[in-house]
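Enquirer: Below is the structure, and that's it, no one-letter string:
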């Protein structure tokens, strides 16, 4: 049986809720990807071309500092990575997390929360960040309200 981790980035709490539900269904550990400087409402104003999130997301190489670390990443075989969709992809803080570890031999399963945007080509981007020694699943967009039964159906259909 593989050891699983659910790592997630959440600002509003929606992704955190879904991540905890996936962890409960999968018997996985949880790790919150937390920015060193928490986002303010002004930071998240996507209509402002100078807001922090807009500037970060416009630079594909941006790696904002995050706090904490997964001390035993080598112990995990499967890593679910959750995030809201920002500008059609994973937030830069998630990129910081993904480039901080060696995911060789691991299965990465992205999931996003969004009111309507799909997961797009996020899996391809994640694959480019972690390298070809990790296996990145196509992932799934999950709404803020997802039933335990739906999560079980989704995760049972994954090749872990």
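Expert: Yep, that arrived. Owing to the predicted nature of the structure, the values given are computational and were not obtained by experimental measurement.

Enquirer: which SS class is the closest residue to residue 44 other than its chain neighbours?
Expert: On the basis of C-beta to C-beta, 6 or more residues apart in numbering, the spatially nearest residue to residue 44 that is not a chain neighbour turns out to be residue 53, at 5.2 Å. (Each C-beta comes from the backbone N, C-alpha and C, glycine too.) Following DSSP: H, G, I helix; E, B strand; the rest coil, the label given to residue 53 is helix.

Enquirer: And for residue 53, the neighbour number?
Expert: Residue 53 is flanked by 22 other residues according to other C-beta atoms under 10 Å.

Enquirer: for residue 98, same thing?
Expert: Residue 98 has 25 neighbours, counted by other C-beta under 10 Å.

Enquirer: Just list the residues touching it, thanks.
Expert: With contacts taken as C-beta atoms under 8 Å, 6 or more residues apart in numbering, residue 98 has the following neighbours: 81, 126, 129, 130.

Enquirer: Same list, those, but as JSON lines with pLDDT and secondary structure please.
Expert: Conversion of the contacts of residue 98 to JSON lines gives the following (pLDDT from 0 to 100; DSSP: H, G, I helix; E, B strand; the rest coil):
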{"residue": "81", "pLDDT": "98", "secondary structure": "strand"}
{"residue": "126", "pLDDT": "97", "secondary structure": "helix"}
{"residue": "129", "pLDDT": "97", "secondary structure": "helix"}
{"residue": "130", "pLDDT": "97", "secondary structure": "helix"}
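
Enquirer: For residue 115, state which of these is nearest.
Expert: residue 81 (19.7 Å; C-beta to C-beta).

Enquirer: Need the contact partners of the lowest-mean-pLDDT helix or strand in the chain.
Expert: The weakest-scoring helix or strand in the chain, judged by mean pLDDT, DSSP states H and E, is helix 148-156 (a mean of 89). Surrounding helix 148-156, the residues in contact under the criterion C-beta under 8 Å, 6+ apart are 21, 22, 24, 25, 26, 140, 142.

Enquirer: The nearest residue to the second one once chain neighbours are set aside: which element?
Expert: Okay, so that is residue 22. If you skip the residues right next to it in sequence, residue 22 has residue 6 as its closest partner in space, 5.2 Å away by C-beta to C-beta, 6+ apart. With the criterion set as DSSP states H and E, the secondary-structure element containing residue 6 is strand 4-8.

Enquirer: Average pLDDT for the helix or strand just after that strand, rounded please.
Expert: For strand 4-8, the succeeding helix or strand toward the C-terminus, using DSSP H and E, is helix 14-26. Mean pLDDT, taken over the full extent of helix 14-26, equals 95.
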